[in-house]
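> Provide a 3D model corresponding to the input given below.
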Amino acid sequence: MEEFTLSNGIRVITRQTTSANEGFAVFLEGGSRMLDEETTGIENLAFEACLMGSARYPGETWRSLMDVTQARIEGVYGYDFSAIRLMCLEEDLPELLDAVSDCLIHPELEPAAFERTRDGLLQTLLIEESDPDERIWRVANEGLFEGHPYRFHPSGTVETMSGFSAGDVENHLENRLLAGNMLISHVGPTGADDLREVLEGTFGRIAPGGGDLTPPPPFTIARDTVIFQPESTATAYIVGKFPAPSPSDPDYPFFTSAMDVVSDRFWQVLRTERGLTYAPFAGAASSMRNWAYFYASTPEAAEACSLMAAIMLDGADGGFSEGDLAGTLEVARTGRLMSLSSPYNQAYMLGMYRIQTGDWRNLWIYGDIARDMDPAMLGEVLTRWLGPISWGLVGDPGVCAPVLSSPPSLMEER
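Next up, the predicted model:
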């Protein structure tokens, strides 16, 4: 592993491996903190529109390069950062980095291609808005994210996406695409010296400046909240969210493991034993201000909500056994190791951990730190973090009425 800084101020983390593939990610830090009611979604559109061609790699040339190299490239848009991820062969990396950097610095924004890109993102938003199983996640956000920068969703809204122009994208990139706001992470066969040389001639052209971003504030939710949207459906869609340790908190690896165990218990009780729902689950997000979440869709909303809350409270009270933990923790560890076997994933996660925890080394430290967690430790970490829930419900008012009048709580004395 090596770290260095380009002459314009972009920070770089690189890990040389013997893999045939290169994994590369360039991050633009800030995320929702850089958005407001009028600009939410603009960075999503900006990156997607940029990756349609540039001044030196216009649309047809760009598409030909992608076809010839068979490179994999995609954008990621989160509450804390946006990123472009790239996977390619070693011999193609210099030209692809030249092309990607030129797309960011001098995007072509050809009118027809821009309209197709914006319309595609708009259609995704319209589908989400019309599907209660998709929309429920934003409904639950309303209670937890009230007054917080995260209320500005990275994907935007139908209203904002409909109004963005190519000029809006150009203005946003001019203000945001500064070296101090950026981080590059790389895993692959190219050595640090060769990578530095390529990056200086490509991403080194980005203007200096930026940096000194203020961390997002804590969530302010102080009591259980229910956000309800009526829908003529036979089932109720339910999501609960509550504040959780951020990736920089020492509790984070233990809490995420605890929520994995909770998720397995949800499946056992709500699906297997009670037959209430098809696919209940729970987990923890990964953001600088973080939250836990749980989900179910069921015609028995009151019973499902009560059971989910009771399972989490039972875990806090030491109700899980060694056997409950063992299989779940090993499966989670195996999945993590499988993911890290790919340079593409590893490069992205190195940068993500650097931004969200302050140290890329936590990518490996966290992997084993909760491996030997026992029921008592699980109970302790849940006790510290179970708190006020932002309940989101979409469904028939009659099905949801018992939850609306008396939502289950995690704040009882233990």
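
> pretty sure residue 313 is touching residue 386, no?
Yes: shown here, residue 313 and residue 386 form a contact pair, counting by C-beta atoms under 8 Å, at 7.2 Å. Using the backbone N, CA and C atoms, a C-beta is placed for each residue, glycine as well.

> Name the helix or strand for residue 155, please.
For residue 155, there is no helix or strand it lies in under DSSP states H and E.

> so what pLDDT did it get?
Confidence at residue 155, expressed as pLDDT, is 97.

> Please say which of residue 313 and residue 386 ends up with more neighbours.
Taking other C-beta atoms under 10 Å, residue 313 and residue 386 do not tie; residue 386 has more neighbours (22 against 19).

> ok, the more buried one to residue 267 distance?
In this view, residue 386 and residue 267 are 20 Å apart by C-beta to C-beta, to the nearest Å.

> what pLDDT, on average, does stretch 8-23 get?
Here the average pLDDT along stretch 8-23 is 96.

> end to end, how far does that stretch reach?
22 Å (C-alpha to C-alpha, to the nearest Å).

> So which bits of that stretch are buried?
8-16, 19, 21-23 (16 or more other C-beta atoms under 10 Å).

> again with stretch 281-298
281-298.

> when you check these against the strands, which ones overlap?
For those, the ones inside strands are 281-284, 290-298, with DSSP state E as the criterion.

> Strands along the stretch 51-200 of the chain, start to end?
72-77, 81-89, 182-188 (DSSP state E, counting those that start in this stretch).

> Each with direction, which strands does the last one pair with?
With DSSP bridges as the test, strand 182-188 is paired with strand 11-16 (parallel), strand 21-29 (antiparallel).

> which stretch among those comes nearest residue 169?
Proximity to residue 169 (C-beta to C-beta) singles out strand 21-29 among the strands paired with strand 182-188, at 13.5 Å.

> now the closest one: how far from the chain's centre is it?
15 Å (C-alpha atoms, centre = their mean, to the nearest Å).

> do the same with stretch 72-82
The mean C-alpha position of stretch 72-82 is separated from the chain mean by 8 Å, C-alpha atoms, centre = their mean.

> Might one say that residue 126 is in contact with residue 157?
No: applying C-beta under 8 Å, one finds residue 126 not in contact with residue 157, separated by 10.5 Å.

> Settle it for me: which of those two has more neighbours?
residue 157 (17 against 13).

> Pass me the low-pLDDT residue ranges in the stretch 151-300 of the chain, would you?
By pLDDT under 70, the stretch 151-300 of the chain has no low-scoring segment.

> Contacts for stretch 120-127, please.
Here stretch 120-127 makes contact (C-beta atoms under 8 Å, 6 or more residues apart in numbering) with 41, 44, 45, 48, 134, 155, 156, 157, 158, 161, 162.

> pLDDT (mean, whole number) over that stretch?
pLDDT averaged over stretch 120-127 gives 98.

> Start the count at 23 instead of 1 going forward.
Okay, residue one is now 23; in that scheme the one you just asked about reads as stretch 142-149.

> Figure out how far that stretch is from the centre of its chain.
That offset, for stretch 142-149, works out to 19 Å (C-alpha atoms, centre = their mean).

> now do stretch 400-414
For stretch 400-414, the distance to the chain centre is 21 Å (C-alpha atoms, centre = their mean).

> cool, stretch 142-159 as well?
With C-alpha atoms, centre = their mean as the basis, the mean position of stretch 142-159 lies at 17 Å from the chain mean.
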